[in-house]
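Peer 1: give me the fold of what follows.
(2 chains)
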2 protein chains.
Amino acid sequence: MDLAAIRLVDQDGSMQIAFVLYPGFTALDIVGPFQTLADLPGVEAVFVAEQAGPITDHTGALTIVATKALSEVPAPNIVVFPGGPGERVANAEHPIVVWLRAVHPTTTWTTSVCTGSLFLGHAGLLHGVDATCHWNSMDRLAATGAIPTGQRVVERGKIITAAGVSSGIDMGLTLVGKLFGDDIAKAVQLFIEYDPQPPYDAGSPEKAGPELVALVRDLSTQMAAAGKPV
Amino acid sequence: MDLAAIRLVDQDGSMQIAFVLYPGFTALDIVGPFQTLADLPGVEAVFVAEQAGPITDHTGALTIVATKALSEVPAPNIVVFPGGPGERVANAEHPIVVWLRAVHPTTTWTTSVCTGSLFLGHAGLLHGVDATCHWNSMDRLAATGAIPTGQRVVERGKIITAAGVSSGIDMGLTLVGKLFGDDIAKAVQLFIEYDPQPPYDAGSPEKAGPELVALVRDLSTQMAAAGKPV
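Peer 2: Residues are numbered from 1 along each chain as shown, chains lettered A, B, ... in the order given. Now for the predicted structure:
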């Protein structure tokens, strides 16, 4: 457990991690991984969007400032894509997807949480690749050529995809372990006191059962009707 | 499982939830509860700070926009305080604490995550009250007159305090259950796919052991020296 080892990862300078924002992202998707990574020495965490400036989440209530435009981040070491209803406007020619296709060849890790994996799919990175996303969008993931899995965090080559929303914390810790080693990852887990004790046990479709699955699908439809599509 | 029941909670209009920001907050502390609550019908989620405008977190990399000043939110139904190194400048006369003291008598729930409970302590709300915070700040919590507990989520009267950083998700789900009932809380858990599968089991001091505890304390000291005190 050698603190000096942390810095060895970063011999050439900073490890730039691009956290991608777009209107209608889901906040926890991106803040989960961010919180596991941002404090580590050598990490330059950057929130990026098509244009720099304030970007509002799918609820309309939370706005995070993108400090750089995509064009200002041409070679990030790691990219993290959140999911969220705003993803639905993406396609193969969406500026974020075009950017991803350009930067992916030189990333160390290309990652996503929730429906963020659909950006990877649109970029053509998931053809025949095991991947995951939010349980309610697996069909859309499959339509990109990916092979949807039931795992919470899926690593294939340098691509890591995670399941819905909160799974980004598990993905982030997994990534910290790869970058900095198990001890540092455990230290981050301890720092964020990630000792989950959910008051219910309904976090997956299997555990929640068909009635709750139908309820969430129905609420999603209601939210869509109210201009907050999920 | 009656969707109409959701709206019954909110017969008098919107349920305003004030998510409090200040320079040096920790993002996951506030985004965790936010994500469990913000989509629910009748909820008006508002990010507030001493002055409206962009507020940067303790890493310096993440900026959330406070859409209202404290003075514009004189009677929130619920308040949520995140922790973070920036809390260390607070005292009994800090504007946020003065505001909390004024709004607390009419809240339905007054809540905190991590060292956010120290704002409640400074406001004089925790004298002789069981409460919790991040494991590394229990002594400071005790100094406010609170009785620190080892629980992850502590409810006493209308005050709910949660442990470090990620515990806000557990606290948020607990609160959703109280406001909207168990079925809706389970639906939210399913929506955010909160089926935790941490790749390590080091989320509490007991589980992590003394070496990792010492490491996190040492890293916190290093961060403090670098201007990022934890």
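
Peer 1: what residues sit buried inside the longest helix seen in chain A?
Peer 2: If you go by DSSP state H, chain A has its longest helix at helix A:205-225. By neighbour count on 16 or more other C-beta atoms under 10 Å in any protein chain shown, the buried set for helix A:205-225 is A:Pro205, A:Ala208, A:Leu212, A:Val213, A:Leu215, A:Val216, A:Leu219, A:Ser220, A:Met223. Bear in mind the C-beta positions are built from the backbone N, C-alpha and C, glycine included.

Peer 1: which of those sits closest to A:Thr59?
Peer 2: A:Met223 (9.4 Å; C-beta to C-beta).

Peer 1: hang on, the earlier thing: so which of the buried residues of helix A:205-225 are also by chain B?
Peer 2: By C-beta under 8 Å from any C-beta of the partner chain, the members of those lying near chain B are A:Pro205, A:Ala208, A:Leu212, A:Val213, A:Leu215, A:Val216, A:Leu219, A:Ser220, A:Met223.

Peer 1: correct me, but the third one touches A:Ala202?
Peer 2: Yes - when contacts are counted by C-beta atoms under 8 Å, A:Leu212 is listed as touching A:Ala202 (5.9 Å).

Peer 1: so chain A: which segments form each domain?
Peer 2: A:4-196, A:199-230 (automatic domain parsing).

Peer 1: on the three-state scheme, A:Pro76 is what?
Peer 2: Here A:Pro76 takes the coil state, with states given by DSSP: H, G, I helix; E, B strand; the rest coil.

Peer 1: burial measure for it, as a count.
Peer 2: 26 (other C-beta atoms under 10 Å in any protein chain shown).

Peer 1: contacting residues for it?
Peer 2: A:Gln16, A:Ile17, A:Ala18, A:Val46, A:Val48, A:Val103, A:Thr107 (C-beta atoms under 8 Å, 6 or more residues apart in numbering or on different chains).

Peer 1: mean confidence score for the longest helix of chain A?
Peer 2: The average pLDDT for helix A:205-225 rounds to 85.

Peer 1: ok, now stretch A:148-155?
Peer 2: Mean predicted lDDT for stretch A:148-155 stands at 95.

Peer 1: can you give me the first-to-last residue distance of that stretch?
Peer 2: 12 Å (C-alpha to C-alpha, to the nearest Å).

Peer 1: check stretch A:134-148 too.
Peer 2: Start-to-end, stretch A:134-148 (C-alpha to C-alpha) is 10 Å.

Peer 1: show me which helix or strand of chain A is least confident by mean pLDDT.
Peer 2: Using mean pLDDT, DSSP states H and E, the weakest-scoring helix or strand in chain A turns out to be helix A:4-8, at a mean of 44.

Peer 1: now the element after it, going C-ward?
Peer 2: On the C-terminal side of helix A:4-8, the closest following helix or strand by DSSP states H and E is strand A:15-20.

Peer 1: mind listing residues that contact that next one?
Peer 2: Here strand A:15-20 makes contact (C-beta under 8 Å, 6+ apart) with A:9, A:30, A:33-34, A:37-38, A:42-49, A:73, A:75-82, A:96, A:103, A:116, A:119, A:179.

Peer 1: try stretch A:50-66
Peer 2: The contact list for stretch A:50-66 (C-beta under 8 Å, 6+ apart) reads A:21-27, A:30, A:47-49, A:67-70, A:72, A:84-86, A:95-96, A:228-230, B:31, B:34, B:38-39, B:44-47, B:54, B:62-65, B:67.

Peer 1: now, which of the residues you listed lie within strands?
Peer 2: A:47-49, A:68-69, B:44-47, B:54, B:63-65 (DSSP state E).

Peer 1: check which helix or strand A:Asp195 maps to.
Peer 2: Counting by DSSP H and E, there is no helix or strand that carries A:Asp195.

Peer 1: OK, contacts around it?
Peer 2: Counting by C-beta under 8 Å, 6+ apart, A:Asp195 touches B:Arg152, B:Ala163, B:Ser166, B:Ser167, B:Gly203, B:Ser204, B:Lys207.

Peer 1: same check, this time on A:Tyr200
Peer 2: With contacts defined as C-beta under 8 Å, 6+ apart, A:Tyr200 is in contact with B:Leu173, B:Gly177, B:Asp182, B:Ala185, B:Lys186, B:Gln189.

Peer 1: which residue is the nearest non-sequential neighbour of it?
Peer 2: If the residues on either side of it in the chain are set aside, A:Tyr200 comes closest to B:Lys186, at 4.8 Å by C-beta to C-beta, 6 or more residues apart in numbering or on different chains.

Peer 1: got it, and A:Gly177?
Peer 2: Of all residues not flanking A:Gly177 in the chain, A:Ala185 sits nearest, at 3.8 Å (C-beta to C-beta, 6+ apart).

Peer 1: wait, a strand at that neighbour?
Peer 2: No - per three-state DSSP, A:Ala185 lies outside any strand segment and is helix.

Peer 1: what about the residue nearest to A:Trp109 when sequence neighbours are not counted, neighbour count?
Peer 2: Nearest non-adjacent residue to A:Trp109, counting by C-beta to C-beta, 6+ apart: A:Ile78, 4.7 Å away. Residues within reach of A:Ile78, counting by other C-beta under 10 Å, total 22.

Peer 1: likewise A:Asp182?
Peer 2: 15.

Peer 1: from B:Ile17, how far out is it?
Peer 2: 38 Å (C-beta to C-beta, to the nearest Å).

Peer 1: chain B versus A:Ala184, what's the distance?
Peer 2: Residue A:184: Ile, not Ala. 8 Å (C-beta to the nearest C-beta, to the nearest Å).

Peer 1: show me just the buried residues among the ones in strands among the contacts of stretch A:50-66.
Peer 2: A:Phe47, A:Val48, A:Ala49, B:Ala45, B:Val46, B:Phe47, B:Thr63, B:Ile64, B:Val65.

Peer 1: check contacts around the residue nearest to A:Tyr200.
Peer 2: So B:Lys186 contacts A:Tyr200, A:Ala202, A:Ala208, A:Leu212 (C-beta under 8 Å, 6+ apart).

Peer 1: mind picking the two most distant members of those residues?
Peer 2: Longest span within the contacts of B:Lys186, C-beta to C-beta: A:Tyr200 and A:Leu212, 9.8 Å.
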